[in-house]
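**Student:** using only what follows, build the 3D model:
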Amino acid sequence: MFASFRKRLLNDHELPFVDENLVDIGGQLNVATLLCAYRAGSFPWTVHPVTWWSPDPRAIIEFDSFHPSRSLRKAIRQGVFRSSVDQAFDRVIESCAAQTARRKTTWITPEFIGAYKELHRAGYGHSVEIWQDQQLVGGIYGVAIGGYFAGESMFHLVSDASKAALYFLVQHLRQRGYALFDVQMPTRITLQMGASLIARNEFLRRLTPAQRLPVCF
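**Tutor:** Numbers count the residues shown, from 1 in each chain. Coordinates of the predicted model:
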């Protein structure tokens, strides 16, 4: 998998979203296939059919360029939020998939939830949780291989909780010695907090040495 199947895609599938960022189709959402994809710089986005994507340009967060807002830094100093790591992975991914008033649909289907829970049990899926008054109010989850972390999705139930999750994740990755924090596609929040875009070739050049680093989440 993950060779170029673009001609076959165009011939065999009616996919309105086929573009240069789509690198393969098919396979299953299981631990082995997911690890193969992330090691090659790809990630899944749909289930029926399973599609694999490698955006160009790619959104990443450079640790030295990360800049939380003044209000978030104040909330962190005042202890408004408490963070934990890998204490509620299942709840975080389920919350990221939950429907809200603003989000009626989600790409995080039951198939995705099951596959990433397996990835977590295999030691590659990780989460940062945000708590307030003993309640889970925000979080982020992703995939770690060596010194590479791919952020997948985050959620919040109170203001700034997802930003706090991103803040604590960046601090955690920096302290652990991670070299590449991939956020895949830019969003308003990640751009506000310092995400940048790099060419896919540059991302892939940095990916392999990052994954070889002897660090653990």
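**Student:** once you drop chain neighbours, what's closest to Thr46?
**Tutor:** Of all residues not flanking Thr46 in the chain, Trp107 sits nearest, at 6.8 Å (Cβ to Cβ, 6 or more residues apart in numbering). C-betas here are computed from N, CA, C, even on glycine.
**Student:** biggest helix in the chain, by residue count?
**Tutor:** In the chain, with assignment by DSSP state H, the single longest helix is helix 161-176.
**Student:** hang on, the earlier thing: okay, and the residue nearest to Thr46 sits in which element?
**Tutor:** Assigned by DSSP states H and E, Trp107 belongs to no helix or strand.
**Student:** what's the local residue count around it?
**Tutor:** Using other Cβ atoms under 10 Å, Trp107 has 11 neighbouring residues.
**Student:** cool, Ser196 as well?
**Tutor:** Ser196 sits with 15 neighbouring residues when counted by other Cβ under 10 Å.
**Student:** ok, now which ones touch it?
**Tutor:** Shown in contact with Ser196 (Cβ atoms under 8 Å, 6 or more residues apart in numbering): 59-62, 65.
**Student:** now render the residues you listed as TSV, adding distance to Glu20 and neighbour count.
**Tutor:** Formatted as TSV, the contacts of Ser196 follow (distance: Cβ to Cβ, whole Å; neighbours: other Cβ atoms under 10 Å):
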residue	distance to Glu20	neighbour count
Ala59	16	20
Ile60	19	23
Ile61	23	23
Glu62	25	13
Ser65	26	11
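**Student:** sort out for me which of those residues are in strands.
**Tutor:** 59-61 (DSSP state E).
**Student:** include pLDDT and distance to Ala195 when you put these into TSV, please.
**Tutor:** Output for the ones in strands among the contacts of Ser196, formatted as TSV (pLDDT from 0 to 100; distance: Cβ to Cβ, whole Å):
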residue	pLDDT	distance to Ala195
Ala59	98	5
Ile60	98	7
Ile61	98	5
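**Student:** if we can go back for a sec, turn the contacts of Ser196 into JSON lines, columns for distance to Phe43.
**Tutor:** Formatted as JSON lines, the contacts of Ser196 follow (distance: Cβ to Cβ, whole Å):
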{"residue": "Ala59", "distance to Phe43": "12"}
{"residue": "Ile60", "distance to Phe43": "13"}
{"residue": "Ile61", "distance to Phe43": "16"}
{"residue": "Glu62", "distance to Phe43": "20"}
{"residue": "Ser65", "distance to Phe43": "22"}
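**Student:** which among those gets closest to His120?
**Tutor:** Of all the contacts of Ser196, Ile61 has the smallest distance to His120: 21.7 Å, by Cβ to Cβ.
**Student:** what ranges do the strands span in this structure?
**Tutor:** So, for the chain - with DSSP E - the strands run 22-25, 43-46, 51-53, 58-61, 82-85, 125-132, 135-145, 148-156, 180-184, 195-198.
**Student:** dump those to a markdown table, plus distance to Gly114.
**Tutor:** Converted to a markdown table, those look like this (distance: least, Cβ to Cβ, whole Å):
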| stretch | distance to Gly114 |
| --- | --- |
| strand 22-25 | 20 |
| strand 43-46 | 13 |
| strand 51-53 | 18 |
| strand 58-61 | 26 |
| strand 82-85 | 22 |
| strand 125-132 | 12 |
| strand 135-145 | 14 |
| strand 148-156 | 14 |
| strand 180-184 | 21 |
| strand 195-198 | 29 |
